[in-house]
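Visitor: I'll drop the sequence and a predicted model, then ask my questions.
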Amino acid sequence: MEKIKMINPIVEMDGDEMTRILWHAVKDTLIHPFVELKTVYYDLGLPNRDKTGDQVTVDAANAIKEWRVGVKCATITPNAQRVEEYNLHRMWKSPNGTIRSILDGTVFRTPILLNRIKPVVRTWKKPITIARHAYGDVYKNVEYRVPGAGKAELVFTDASGKETFRQEVFSFRGAGVVQGMHNTDKSIRSFAHACFKYALSVGQDLWFSAKDTISKQYDQTFKDIFAEIYESDYKSQFEAKGITYFYTLIDDAVARVFRSEGGFVWACKNYDGDVMSDMLSTAFGSLAMMTSVLVSPDGNYEFEAAHGTITRHYYRYLKGETPSSNPVATIFAWSGALRKRGELDGSEDLVAFSERLEKATIDVLESGVMTGDLALLCKGQSDVRSVSYTEFLCAVAEKLY
Ligand code: NAP
Ligand code: MG
């Protein structure tokens with residue numbers, strides 16, 4: 001069988017722990033035998049980030065700007081415990097945070113649905129896509145542990161050096177905490193455009209939720225920018241497609257989501273999107289079945305699985321056990337990146353291969369062969385066989401030969 005040739009490379013970002021093991025297993029079993037893979041490789045594993053002073057993460061993000069398509073393995077965001085575990089020079093920042101602040105953009109997360117697995121919410125019939133603003137707010141915050149009594153203020157000095165705003169945040173009588181966050185009109189505008197464009201491309205309604213009743217400047221700005229851009233650029237296209245855009249408060253949105261049938265795009269601010277996407281993926285089935293793509297305003301794409309490095313499984317793997325880690329979201333990260341590469345390069349073969357890879361994966365799952373996390377959700381289905389990730393990958397590969 002002749003392997004598919006690639007014109008331009010994909011930026012490949014390796015990662016940590018169990019997902020690093022899955023990463024190479026997916027490539028060896030499902031990609032290399034069929035595609036003459038061209039990648040520009042960056043090792044974002046924690047030891048190499050530490051060795052390079054995290055420069056490798058910045059280099060990888062810049063490479064995505066150059067090559068337009070990247071695929072990323074999950075990575076550890078170090079905390080105090082990890083600093084000790086890996087003997088780190090510093091508590092490096094979240095690689096995803098670094099990459100997102102360089103690329104800007106919006107993260108779209110969509111669950112992969114199976115006929116066999118019924119969502120926890122019985123009314124859901126179609127997937128719900130979360131569009132998460134991937135810039136600013138608490139992810140680019142400045143915070144301070146207030147040691148004792150004193151006053152915290154919010155001060156703005158304009159470009160000419162003149163102080164134009166000063167307001168007391170709080171007068172502390174004792175120890176506490178204080179935090180400053182920001183966002184920019186530019187980033188919010190590109191977030192809005194990305195959401196409207198995505199909803200049009202999939203032909204689904206768009207919801208946007210924030211908390212403008214409480215946050216009368218910050219969240220209100222998001223709401224106003226969405227409304228203005230909808231009116232000026234998208235209203236007629238939405239009407240022509242028979243889809244709608246509406247804004248509602250975040251708490252109302254949560255209540256409506258649970259009564260809905262699914263099949264829409266839910267635009268969320270950065271933190272809401274972080275939390276709600278984990279909730280939705282679990283309610284739809286498993287965190288391991290959630291796809292994720294970052295779309296930047298200038299049309300760059302970064303694909304990844306939504307889950308983390310599955311630390312608990314990795315420790316079992318190190319003891320010689322075969323943990324029931326599910327490689328499906330990692331497979332879809334690769335298929336998504338290969339499809340986008342094929343679309344941008346006009347390579348029909350590559351697009352067709354990524355479709356075949358996704359179909360083979362779904363077919364194996366629907367045939368009852370799956371990793372333990374999914375098998376648990378199919379209790380009472382006698383034809384289900386719980387397999388290791390290696391057996392699962394081989395079953396998918398068999399369908400591709
Ligand atoms: P996690 O790695 O997503 O795992 C949480 C739990 O979810 C696992 O223990 C496992 O449950 C289940 N799970 C997740 N993915 C699975 C899969 N593919 N197959 C089977 N089960 C799966 O989250 P975490 O434990 O909170 O974080 C671990 C590390 O990942 C942290 O260092 C964090 O910084 C990092 N992280 C990275 C990213 C990213 O790079 N995008 C995202 C999130 C977290 P059971 O143990 O019950 O089987
Ligand atoms: Mg999260």
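Guide: Received, thanks. Numbers count the residues shown, from 1 in each chain. Ligands and ions are numbered 1, 2, ... in the order given.
Visitor: Can you pull the residues of the chain lying near ligand 2?
Guide: With the criterion set to CB under 5 Å from the ion, the chain comes near ligand 2 through 274, 278. C-betas here are computed from N, CA, C, even on glycine.
Visitor: tell me the domain ranges of the chain?
Guide: Annotated domains of the chain cover 1-110+286-401, 118-135+185-284, 142-180 [automatic domain parsing].
Visitor: Out of the ones you listed, which gets nearest to ligand 1?
Guide: domain 1-110+286-401 (2.5 Å; CB to the nearest ligand atom).
Visitor: so, in contact with ligand 1 or not, the closest one?
Guide: Yes. Domain 1-110+286-401 comes into contact with ligand 1 (CB under 6 Å from any ligand atom), by way of 74-77, 96, 287-288, 304, 307-312, 325-326, 373.
Visitor: roughly how far out does that domain sit from the chain middle?
Guide: 11 Å (CA atoms, centre = their mean, to the nearest Å).
Visitor: Quick one: mean pLDDT for that domain?
Guide: Domain 1-110+286-401 shows a mean pLDDT of 95.
Visitor: Determine the longest strand present in the protein.
Guide: Longest strand in the chain, counting residues (DSSP state E): strand 163-172.
Visitor: how about JSON lines for the domains of the chain, with mean neighbour count added?
Guide: As requested, the domains of the chain are exported to JSON lines (neighbours: other CB atoms under 10 Å):
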{"stretch": "domain 1-110+286-401", "mean neighbour count": "19"}
{"stretch": "domain 118-135+185-284", "mean neighbour count": "18"}
{"stretch": "domain 142-180", "mean neighbour count": "11"}
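Visitor: Hmm, residue 124 is touching residue 261, no?
Guide: Yes. With contact defined as CB atoms under 8 Å, residue 124 counts as touching residue 261 (6.6 Å).
Visitor: contacts for stretch 388-401?
Guide: If you take CB atoms under 8 Å, 6 or more residues apart in numbering as the criterion, stretch 388-401 is touched by 1, 22, 25-26, 29-30, 33-34, 322-327, 331, 356-357, 360-361, 363-364, 369-371, 387.
Visitor: In contact with the residue nearest to the spatial centre of the chain, which residues?
Guide: In the chain, the centroid-proximal residue (CA atoms, centre = their mean) is residue 292; its distance is 3.9 Å. Shown in contact with residue 292 (CB under 8 Å, 6+ apart): 107, 108, 109, 277, 303, 304, 305, 306, 329, 333.
Visitor: Tell me how far the residue nearest to it when sequence neighbours are not counted lies from residue 289.
Guide: Spatial nearest neighbour of residue 292, excluding adjacent residues (CB to CB, 6 or more residues apart in numbering): residue 306 at 4.4 Å. Residue 306 sits 9 Å away from residue 289, going by CB to CB, to the nearest Å.
Visitor: list the residues that contact both of those two?
Guide: Common neighbours of residue 306 and residue 289 (CB under 8 Å, 6+ apart) are 281, 329.
Visitor: Quick check: phi and psi on residue 298?
Guide: Backbone torsions for residue 298, taken as degrees, to the nearest 10, come to phi -90, psi 20.
Visitor: List phi and psi for the residue nearest to residue 292.
Guide: Per-residue torsions, residue 306: phi -80, psi -20 (degrees, to the nearest 10).
Visitor: Ok, residue 47 next?
Guide: Given degrees, to the nearest 10, the pair of backbone angles that residue 47 has is phi -60, psi -40.
Visitor: correct me, but it touches residue 87?
Guide: No. Using CB under 8 Å, residue 47 is not in contact with residue 87; the gap is 9.4 Å.
Visitor: sorry, back to before: who are the contact partners of the residue nearest to residue 292?
Guide: 109, 277, 278, 281, 287, 290, 291, 292, 329.
Visitor: could you redo the last one with a cut-off of 6 Å?
Guide: With contact set as CB atoms under 6 Å, 6 or more residues apart in numbering, residue 306 has these partners: 109, 290, 292.
Visitor: Can you give me the separation between it and residue 22?
Guide: Remark: distance between residue 306 and residue 22 (CB to CB) = 14 Å.
Visitor: thinking again about what came up before, could you pull up the mean pLDDT of whatever helix or strand comes next after the longest strand of the chain?
Guide: Sequence order places strand 176-180 as the next helix or strand after strand 163-172, per DSSP states H and E. Regarding strand 176-180, the rounded mean pLDDT is 97.
Visitor: Give me the distance from strand 176-180 to the chain's centre.
Guide: Offset of strand 176-180 from its chain centre (CA atoms, centre = their mean): 28 Å.
Visitor: Remind me what that strand packs against, helices and strands.
Guide: With contacts taken as 3 or more CB pairs under 6 Å, 6 or more residues apart in numbering; DSSP states H and E, strand 176-180 sits against strand 142-146.
Visitor: and the strand it packs on, what's its mean pLDDT?
Guide: Per-residue pLDDT over strand 142-146 has a mean of 96.
Visitor: Let me see the contact set for the residue in the stretch 51-200 of the chain positioned nearest to ligand 2.
Guide: Closest to ligand 2 within the stretch 51-200 of the chain is residue 132: 9.1 Å, counting by CB to the ion. By CB under 6 Å, 6+ apart, residue 132 lies in contact with 107, 268, 273.
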